[in-house]
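> Kindly return the folded structure for what I paste below:
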Amino acid sequence: MTNTKLVIDRVPWRFNEGMFWGNGCMGSLLYVRGNEICFAVDHMMLWETRDSGEDKPGGTFRDFIANPELFHNGTYFHSERKEVNYYRTRLPGLSLSLELEDGITGFYGELDYRTASSEAAFTLKNGSKVDCCIYLDSNVNLLKMETNGRVETVNAAGWDTARGNLSILDDWGYSKYEKKQDGEVTHVLQPYSEKGLAVLSVLAKGRSVYVTLQALPEAEKPDAGRLMEENRALLVRYQAEEAEFWKAHKEDWEEYWSRSDIRVPNERLQQAYEAEMYKIYCNERQNVLPVTLQGVWNNDSRMPAWCGDLHNDMNVQACYWPVYKHNHMELGAAYIDYYASIMPRLTERAEKLFGIQDAVHCPVMMAPGGYGAGGEWCFWNCLLGPELFVAADFIWYYEFTRDEKRLASSVYPFLERVVHLYQGIAYRKEDGFLHIPFTNSPEVFKGPMLIRDDSTVVISTLRYVLVHMQDYAKTLGKDGGAFAEFDRNLVPVTVGEKGYPLFPGEDLFESHRHFCQLFPVFPLGTDTHSECAERSLDAVIDKGYTEYASWSFPYLSIFASRCGRGNMAAMLLELYCQAFRSRNTFCANGDPNQCGVLRVADTNAGEPSDTFTLEAGFILAAAMSEMFVHRSGSEVYLAYGIPDEWRSAFCRKMVIEGGHRISMEFGKYQVKKVTVEAGVTEKLNFHFAKEHGDICVNGENLGAVEGCELSLEAGCAYDITVDMPCGKAIRYIR
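Modelled structure (predicted):
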């Protein structure tokens, strides 16, 4: 990794302008208010989980099919509940503020990605400066800040319901937070949900401030005394053993950064890549909840945007693409384990909404436990399809990790229940094929949302599941005959003159942000570098990008790489970096900087200008990996997303399906050397995007062939070296 730092040299008055830290469980973000240094202190378990309505949908899936106009006009989703009673949402962070002796007029901060620590300087009206060192420990829930200047007051607080849109917490009957002093330690006790309790504890000692937070959403009898004692013990111990904690913290981040790397000759993209990889480890660990829309950085002064939930479409899925691509596959286990653990509720949803037993249905907007965020049975949470997004994630996990233990315990059982859902609703038409009714291609509208049979995203993903389940059944010694039978009878995906349509006979008709009709190209990877993929991409480009969202640009970059359009891939990533990021690199949804890249509209899809989400930046990290290497079936494509202007570039231990780790040197505008560390035993064909001369594999000269076939053996390494067209092959000695 390069020694890149996030530099912020303007006062971060808004929430999404300051530096930030996280460890997957606790997160903190800095901003300035008047003469106060403010920290939002968040915890992944801060959720409101009640719902005041009857746990019964207003109509069944069969009702929706029979009366689509009632589905579209909201008849099935009307209730007497008012919006203030809609529960199940992410909650704001708690707050810490340090009051300085005078107002703040200037700021300079550096966040070192390698150590996840920051140095910041605050200039005051009286001309003095306050310097700070800040970090959040990677292994324990503790935020540490040390200053060299005078801090007047350290104040910890729960939710101020007079601020922002937090008055809804009063409507929900929340008690005001309580403060308790325990010697040098200040505790803030914030009740939430029906049985939840959060305890924020602060120890201010000399010029140092230590902060920790616990949150228990479902405590039968919240033991405030125990939580305060545990927090106090950690604060005191940390102060006494800080050197040991700091050493372990640095080693943890060093190990993370050692696992993979990318270097490109574009400063903006290089910095963006490192920022996003930093955010990933701030949010994704092996024993935490899956990533939500704002991750561990929820504002302390407003409710999280869009319920801050688990969006079971690309918004969650994309947060895990770079985990697998960048050799951190173990971080995906938390997602798999969590969704497997909530199968009982997802099975209950399928029975209530579809009348199908032993199946699963995922709400689009999900809170912990598999319940719907916002309204349990609202329009979005009654749509068919989100479980297929999750199913694709489960397949990715196994294809990259080959974790047979989780295949048996989690992946196979979940996918089997997804198949059961679609077996239960499929019906046969006169053409002899089984069709899937009432499907959508996310957020395509013709007046109401367009809902028809057999959307490309649903049929292609369902077939992807069925094909893999036949292989998984063999691996586990099970009978996969039902999967093969369903696969044979399922209607094929339609392909037209413009490539993949939204639905059979319905081509893309306007600029659109989701591109889910391109799912076979990515993330399924079943059709890459083909004429159909090219036509499908051209159809998207032809409609323009006025209706895109910020994340559409890095997402489309992946399709460009998978069609061999490196210049387009790089341009789209640059557009994203220039137009859609706040000062601290967070992703804004609309066109907040008025760059004119999107249709003129309210920023952030109607949300306030301090709103951000995570998935777009994580897509950027995945897209940069795709530029170097990607796989489709038995074909591996090298440097197909590298733009013409890049003379040199480098990647280390990018991972493709099968768990194969690929390192590549790109120099003088061509691939120079590729090292393949085989994850499993199989035969793969490697293709080179640029003109090249002789190819050598472990010293054996194959001549100036277009590519090479390798019979890989698990655990072995293979060197592929490439000469310039007019030269001799370069021999690399391992």
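> So Val379 sits against Phe77, correct?
Actually, residue 379 is Phe rather than Val. Yes: contact criterion C-beta atoms under 8 Å: Phe379 and Phe77 qualify, at 5.3 Å. Placement of C-beta: from N, CA and C, glycine included.
> Now Leu189: closest residue in space, sequence neighbours ignored.
Glu178 (4.6 Å; C-beta to C-beta, 6 or more residues apart in numbering).
> How about the contacts made by the residue nearest to Phe618 when sequence neighbours are not counted?
Nearest residue to Phe618, sequence neighbours excluded (C-beta to C-beta, 6+ apart): Cys319, at 4.9 Å. Cys319 sits next to 280, 283-284, 290-291, 614-615, 618 when contact means C-beta atoms under 8 Å, 6 or more residues apart in numbering.
> change it to 6 Å
Applying C-beta atoms under 6 Å, 6 or more residues apart in numbering, we find Cys319 in contact with 291, 615, 618.
> Provide the secondary structure category for it.
The local conformation at Cys319, judged by DSSP: H, G, I helix; E, B strand; the rest coil, is coil.
> in the helix or strand containing Leu353, what counts as buried?
Secondary structure assigned from DSSP states H and E places Leu353 in helix 343-354. By neighbour count on 16 or more other C-beta atoms under 10 Å, the buried set for helix 343-354 is 345-347, 349-350, 352-354.
> List of residues touching it?
Counting by C-beta under 6 Å, 6+ apart, 57, 61, 356-357, 359-362, 369-370, 421 sit against helix 343-354.
> for that helix, what is the average pLDDT?
The predicted model assigns helix 343-354 a mean pLDDT of 98.
> try stretch 443-457
Rounded mean pLDDT across stretch 443-457 is 94.
> Go through that stretch and flag the buried ones.
444, 449-457.
> Pick out whichever of the residues you listed sits closest to Tyr412.
For the buried residues of stretch 443-457, the minimum distance to Tyr412 (C-beta to C-beta) is 22.9 Å, reached by Val457.
> does that closest one belong to a helix or a strand, and which?
Assigned by DSSP H and E, Val457 falls in helix 456-475.
> Please enumerate the helices of the stretch 201-350 of the chain.
Per DSSP state H, counting those that start in this stretch, the stretch 201-350 of the chain carries helices over the ranges 224-240, 242-258, 267-283, 314-317, 321-325, 333-341, 343-354.
> Nearest to Glu709, out of the ones you listed?
helix 321-325 (23.4 Å).
> which residues sit against that closest one?
331-332, 396, 400, 618, 621-622, 625, 655.
> from these, which single one is nearest Gly564?
For those, the nearest to Gly564 is Ser625 (16.0 Å; C-beta to C-beta).
> Can you read off the pLDDT for the residue most central in space within the chain?
For the chain, Cys319 is the residue whose C-alpha lies nearest the centre (C-alpha atoms, centre = their mean; 1.7 Å). Per-residue pLDDT puts Cys319 at 95.
> now do the one 4 residues further on
According to the model's per-residue confidence, Val323 sits at a pLDDT of 97.
> what's the spacing between it and Pro368?
For Val323, the distance to Pro368 equals 21 Å [C-beta to C-beta, to the nearest Å].
> Residue ranges of each domain in this structure, please.
5-49+91-258, 633-722 (automatic domain parsing).
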